[in-house]
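Trainee: fold the following.
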Amino acid sequence: MNESVSKINPAPFTAVSAASGRLGHAVLGALLADIPAEHIVAIARNPAKVQVPGIGKRSGDYNTVAGMAAALANIDTLIMISAPVGDWDRVRMHRNVINAARQAGVRKIVFTSVIGNGQEQDTWFWGTQQVNRQTEADLKSSGLEWVIARNGLYLEMDLRHILHANAAGLYRNVGGDGECGYITIDELAFAIAGLAQGDHHNGKTFNLVGPNMSQAALVQLANEVFGLRVRYETLSDEDNIALLMQDEKIAARGRDVARMLTGCFQCVRNGAFNVRSDFAAAAGRPVKSTRRMMEDLRASLSDQGQPRA
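Mentor: Got it, this is the predicted structure:
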């Protein structure tokens, strides 16, 4: 049940929706560095999954306008984390949140989107990207204050695949010689939290990425930081789908998901994800180098008692 509105402090509240995931938790942690916990609200389908002490927690589902409007009562700024890519009705879900925000009197939305320079139209990722761009357009025409945070590729995700590839000594995808910028979830969260505070970022779009690099360069950097012996090899599109379908979790979601994931690296190959970073303008400091981010992840794995290689 949502917390009682009568107990809410009249001071401005900042909320994070879809807050139970990794990015949501990281953004909540980043907000806590600058905002008192009692002025932060996490909204999730299951608020019990939000493991951040001291903040408000409310139930809210992107599928219902009324439920989201109730969850957004007395919220000034909403950080709206996009619905998972596997939810194919994401345009409607995002519109529900925007409409709920308008009903509830929310003043400003920060939306997490995805980088891209337009060349995604020639890839299998275009359907997914169209949802992101449509939501951006819906937000701009909503009458609310807005900021768009276009996230780069998660370094954690591809690094995990490279670490797993160490046994065979080979990491493969369709990225080829294309370049893109990677970023960690913690770096993203730091910048996104900054975009939610103050109004000098309003009405702007920010590419939140690290330095652009090729897949081979990423693998070589992982070799150096983690002591691996992996080489990179380019696959054909169809072979990449076949490789992804060997993963039980991906296979369970179907070939369309494998095709979309292949499309993501088609965007790397054709330069669609090769964009200028706006991280410093968003965060007030330069983005960490990819080596530094990778070293941070190495230290985190060590702290968790997980093998580094």
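Trainee: report the contact partners of residue 147.
Mentor: 108, 109, 110, 111, 195, 196, 201, 202, 203, 204, 205, 206 (Cβ atoms under 8 Å, 6 or more residues apart in numbering). Quick note: C-beta positions are derived from backbone N, CA and C, even for glycine.
Trainee: from those, which land in strands?
Mentor: With DSSP state E as the criterion, strands contain 108, 109, 110, 111, 204, 205, 206 from among the contacts of residue 147.
Trainee: out of those, which are buried?
Mentor: 108, 109, 110, 111, 206 (16 or more other Cβ atoms under 10 Å).
Trainee: the helices in the chain, which residues?
Mentor: 22-32, 65-71, 90-104, 126-140, 155-165, 185-196, 215-226, 237-244, 248-253, 255-269, 279-283, 290-303 (DSSP state H).
Trainee: most neighbours per residue, which of the ones you listed?
Mentor: Mean neighbour count (mean count of other Cβ atoms under 10 Å) peaks for helix 185-196 among the helices of the chain, with a mean of 24.
Trainee: what angle sits between it and helix 155-165?
Mentor: Counting by axes from the mean of the first three to the mean of the last three Cα atoms, to 10 degrees, helix 185-196 lies at 170 degrees to helix 155-165.
Trainee: ok, residues contacting helix 185-196?
Mentor: Contacts of helix 185-196 (Cβ under 8 Å, 6+ apart): 14, 22-23, 26-27, 29-31, 33-34, 77, 79, 108, 110, 112, 147, 149, 151-152, 154, 156, 201, 206, 208, 210, 279, 282-284, 287-288, 293, 296.
Trainee: got a list of what the nearest residue to residue 278 once chain neighbours are set aside touches?
Mentor: Taking Cβ to Cβ, 6 or more residues apart in numbering, and ignoring the residues beside it in sequence, residue 278 has residue 206 as its nearest neighbour in space, at 4.1 Å. The contact partners of residue 206, taken as Cβ under 8 Å, 6+ apart, are 147, 148, 149, 150, 191, 195, 278, 279, 281, 282.
Trainee: please redo it, this time with the cut-off set to 6 Å
Mentor: Going by Cβ atoms under 6 Å, 6 or more residues apart in numbering, residue 206 touches 149, 278, 282.
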